[in-house]
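Asker: Any chance you can model this:
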Amino acid sequence: MIEHKIVTQEEWTAARSELLALEKAHTRRGDELARLRRELPWVRIKRDYAFQTEEGPRTLAQLFDGRSQLAVYNFMFGPDYEEGCPVCSSIADSFDGVLEHLKAQDVTMICVSRAPLDKLLAYRKRMGWNFNWGSSYESDFNFDFGRSVAKETVATWFEDEPPQIPARLADACGTDAVSYMSEVPGLSVFTRSGGGLYLTYSSTARGLELVMVYYGILDRVPRGRDEGEPADPTWMRRHDDYAN
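Answerer: Numbers count the residues shown, from 1 in each chain. Take a look at the predicted model:
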């Protein structure tokens, strides 16, 4: 039985026009926020960070690959994980195909995780991705930018049983909840200017929805995100897991 309001085409057009006015205002506000992001002050990066990549050891400056802007997605794949986070995997599906477009605009986008490089490259091959993936396994990079937390600290966040959602995601990664929650997803943007490296922007949690393309589509279908309340993202699977 249809429970939604049913109207004539003329009534729908009028309602759509009202909503369109709100959408246009939202777009203009988004343009203003984009300008304010670009105007954020910068933080000079003073430490030298080393990463292991498919091409060998690389510094943070070398990860720019000759461009002046670098977007780093901190992918949740800790040393104790057997597989990458399903949610981060869905995000990687969203941005993997736009890498060449970003390069054309002087932007290099990569992933960084704390798992050893061999784990990362094997998983990347399984998923069919193309982005460069740097391992920060023996680096303080993740900790310095708030993308990893000591397991001893995480263990103090709950008493007996870990929260259900992280526990389910941890199981999907082949690790325990404390190890899973020790990693934090995030997007950090850096730039090179005048011989220095600078942090220009950083975001996590719902601030990552800009790289979750499917949410924009789901927000426009009748059932929306259909994740329940509070939202439960554990419906997400690795793209090769949906048939299982």
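Asker: separation between the residue nearest to S68 when sequence neighbours are not counted and G66?
Answerer: When the adjacent residues along the chain are set aside, S68 lies closest to R192, with 5.1 Å between them (Cβ to Cβ, 6 or more residues apart in numbering). All C-beta spots, glycine's among them, are computed from the backbone N, C-alpha and C. Taking Cβ to Cβ, to the nearest Å as the measure, R192 falls 10 Å from G66.
Asker: who does the helix or strand harbouring P57 pair up with?
Answerer: When secondary structure is defined by DSSP states H and E, P57 falls within strand 56-59. In the sheet containing strand 56-59, the strands it pairs with under DSSP bridges are strand 50-53 (antiparallel).
Asker: before we move on, back to that, wait, what's in contact with the residue nearest to S68?
Answerer: 61, 64, 68-70, 198 (Cβ atoms under 8 Å, 6 or more residues apart in numbering).
Asker: Ramachandran angles for V112?
Answerer: Dihedral pair for V112: phi -130, psi 130, per degrees, to the nearest 10.
Asker: Please name the nearest non-neighbouring residue to it.
Answerer: Once flanking residues are discounted, V112 sits nearest to G134: 4.8 Å by Cβ to Cβ, 6+ apart.
Asker: Do me a favour and average the pLDDT over the longest helix along the chain.
Answerer: When secondary structure is assigned using DSSP state H, the longest helix within the chain turns out to be helix 9-38. Confidence for helix 9-38, expressed as mean pLDDT, is 98.
Asker: I'd assumed G134 was in a helix, is it?
Answerer: No: when DSSP: H, G, I helix; E, B strand; the rest coil is applied, G134 is found to be strand, with no helix at that position.
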